[in-house]
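Visitor: need a 3D model of the sequence below.
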Amino acid sequence: MEAGLAIAEMIASLGKPTVSLVLGGSHSIGGPLAVSADYSFIVPTGTMVVHPVRSNGTFIGVTQSLRNMERTQDRIARFIAAHSKITEKRLVDLMLNPTQLVKDVGTLLEGEEAVREGIIDEVGGIHQAFKKLYELIDEKREKPSEM
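Guide: Alright, predicted model coming up:
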């Protein structure tokens with residue numbers, strides 16, 4: 001989680017045009033990675049699983065471990081909300097949804113649903129992603145002081 005969030009922060013702060021494309025499934029830390037770009041796409045059959053931070057294994061200091069997991073989850077939720085159009089509250093509601101996943105909580109969103117929820121900007125594929133990237137590059141060239 002830490003490494004994935006760090007990579008997402010790096011992408012978000014590049015200062016160069018970036019576009020992401022969700023193919024197949026974007027699960028777990030894939031959410032922050034998908035929204036870290038300037039513009040995001042998802043293919044129609046792509047999925048995003050939005051779920052709370054999970055862990056397994058032995059816990060020492062259960063209360064402290066839970067607090068640390070909650071803080072990590074809050075950081076992830078804030079990042080996604082700051083880099084997309086979904087509110088942090090709505091995202092947490094989707095994370096904690098007990099009705100969709102059989103043995104877990106969370107929400108599975110298909111392409112159009114991810115766009116409707118405001119996590120992803122648009123449904124599209126590689127062609128649309130490259131087209132948007134070139135548009136963003138052209139916009140940057142017109143405003144060279146921002147490079």
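Visitor: strands of this protein, start to end?
Guide: All strands of the chain, identified by DSSP state E, fall at 19-22, 25-27, 39-42, 47-50, 107-110, 122-123.
Visitor: mean pLDDT lowest for which of those strands?
Guide: When these are compared on mean pLDDT, strand 25-27 scores lowest, with a mean of 84.
Visitor: and the longest helix along the chain, what's its mean pLDDT?
Guide: Secondary structure of the chain per DSSP state H: the longest helix is helix 62-82. Across helix 62-82, the average pLDDT comes to 87.
Visitor: which positions within that helix qualify as buried?
Guide: Residues of helix 62-82 classed as buried: 69, 72-73, 75-77, 79-81 (neighbour count, 16 or more other Cβ atoms under 10 Å). All C-beta spots, glycine's among them, are computed from the backbone N, C-alpha and C.
Visitor: got these as a markdown table, with distance to residue 16 columns?
Guide: Formatted as a markdown table, the buried residues of helix 62-82 follow (distance: Cβ to Cβ, whole Å):
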| residue | distance to residue 16 |
| --- | --- |
| 69 | 33 |
| 72 | 28 |
| 73 | 29 |
| 75 | 24 |
| 76 | 24 |
| 77 | 26 |
| 79 | 19 |
| 80 | 21 |
| 81 | 23 |
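Visitor: of these, closest to residue 39?
Guide: For the buried residues of helix 62-82, the residue nearest residue 39 by Cβ to Cβ is residue 80; the value is 15.1 Å.
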